[in-house]
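Undergrad: from the sequence below, what's the structure:
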Amino acid sequence: MANLIIVCGPQAVGKMTVAESLRDKLKYNFMMNHDSIEMSDKIFGFATPAQKEFNAIFREKAFELAVKHDVDLLFTYVCAFELAQEREYLTGLADLFQSNGGNFYFVELSADLETRLVRNETPHRLEKKASKRDVEWSKSNLLKDVKNHRLNSEEGETWFENHIKIDNTYLEPDEVADMVIKRFHLVANDKEEKEYRFGV
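TA: This next block holds a predicted model:
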């Protein structure tokens, strides 16, 4: 029975570093949203029809295999909360894991825009996400999405039973991870390092 933890929030809020901390504390496997983006960009080019289709297939198959092989998984995601199809997509993931006996946890991060703009240029982010190395484009894209989408839930808005929202403007990733583990009473897996972070 596989569990899925979604770490959600706007660009450069700190999803990756929080998920990395959760990975190491819980020994969960971790698929960053940019894993499929960067791979599909590399093969099919940036934002082409083939890239978009391959990106979706990559993720879908990874979730199916996690359920099939009982692999607890972390996944980072940027959600436009005003779009009905976003809720449908995430609810579909929740149903996939829960219908197979697992649990679904939704961790939503928020931080002020100034903090996110600083985090957008951190060396770790640029190392892990090739598409963000054009910093001017990345900043412009971040600011565009702030204007065009609602990237966090509203006060009192809860999409899932296991939904926690954390303002991590002044928190370290390990602090956030500990809050999530405590809130959901999560227990670490008994795995060798190569099983959940091979090559990291």
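Undergrad: can you tell me what sits against the host helix or strand of residue 55?
TA: Element membership for residue 55 (DSSP states H and E) is helix 49-68. With CB atoms under 8 Å, 6 or more residues apart in numbering as the test, helix 49-68 has contacts from 2, 4, 29, 31, 35-37, 39-41, 43-45, 71-73, 75, 93, 96-97, 100, 102. In short, each C-beta sits where N, CA and C put it, glycine included.
Undergrad: the residues you listed, buried ones only, as a ChimeraX selection?
TA: Here is the ChimeraX selection string for the buried members of those, based on 16 or more other CB atoms under 10 Å:
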select :2,4,29,31,35,36,37,40,41,44,71,72,73,75,93,96,97,102
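Undergrad: just the ones of the contacts of helix 49-68 in helices?
TA: Of the positions in the contacts of helix 49-68, 35-37, 39-41, 43-44, 93, 96-97 sit in helices, assigned by DSSP state H.
Undergrad: what's the closest of those residues to residue 108?
TA: Residue 108 lies nearest to residue 93 out of the ones in helices among the contacts of helix 49-68, by CB to CB, at 14.6 Å.
Undergrad: hang on, residue 109 in a helix?
TA: No: assessed with DSSP: H, G, I helix; E, B strand; the rest coil, residue 109 is strand; it does not lie in a helix.
Undergrad: give me the number of residues near the nearest residue to it once chain neighbours are set aside?
TA: Spatial nearest neighbour of residue 109, chain neighbours left out: residue 9 (3.6 Å); criterion: CB to CB, 6 or more residues apart in numbering. By other CB atoms under 10 Å, the residues close to residue 9 number 24.
Undergrad: what pLDDT does the residue positioned nearest the centre of the chain get?
TA: Nearest to the mean C-alpha position of the chain, by CA atoms, centre = their mean, lies residue 76 at 0.7 Å. Per-residue pLDDT puts residue 76 at 98.
Undergrad: residues touching it, list them.
TA: 6-8, 15-16, 19, 32-34.
Undergrad: could you do residue 34 as well?
TA: Residue 34 neighbours (CB under 8 Å, 6+ apart): 16, 76, 128-129, 131.
Undergrad: repeat for residue 21
TA: By CB under 8 Å, 6+ apart, residue 21 lies in contact with 173-174, 176-177.
Undergrad: how about 6 Å then?
TA: Contacts for residue 21 (CB atoms under 6 Å, 6 or more residues apart in numbering) come out as 173-174, 177.
Undergrad: so can I have CSV of those residues showing pLDDT and secondary structure?
TA: What follows is the contacts of residue 21, written out as CSV (pLDDT from 0 to 100; DSSP: H, G, I helix; E, B strand; the rest coil):
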residue, pLDDT, secondary structure
173, 98, helix
174, 98, helix
177, 98, helix
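Undergrad: looking at pLDDT only, which of the contacts of residue 76 scores worst?
TA: Within those, pLDDT is lowest for residue 34, at 90.
Undergrad: greatest separation within the contacts of residue 34: which pair is it?
TA: The two members of the contacts of residue 34 with the most space between them (CB to CB) are 76 and 131, at 14.1 Å.
Undergrad: ok, back up a step: any idea how far the residue nearest to the centre of the chain is from residue 94?
TA: Applying CB to CB, to the nearest Å, the value for residue 76 to residue 94 is 16 Å.
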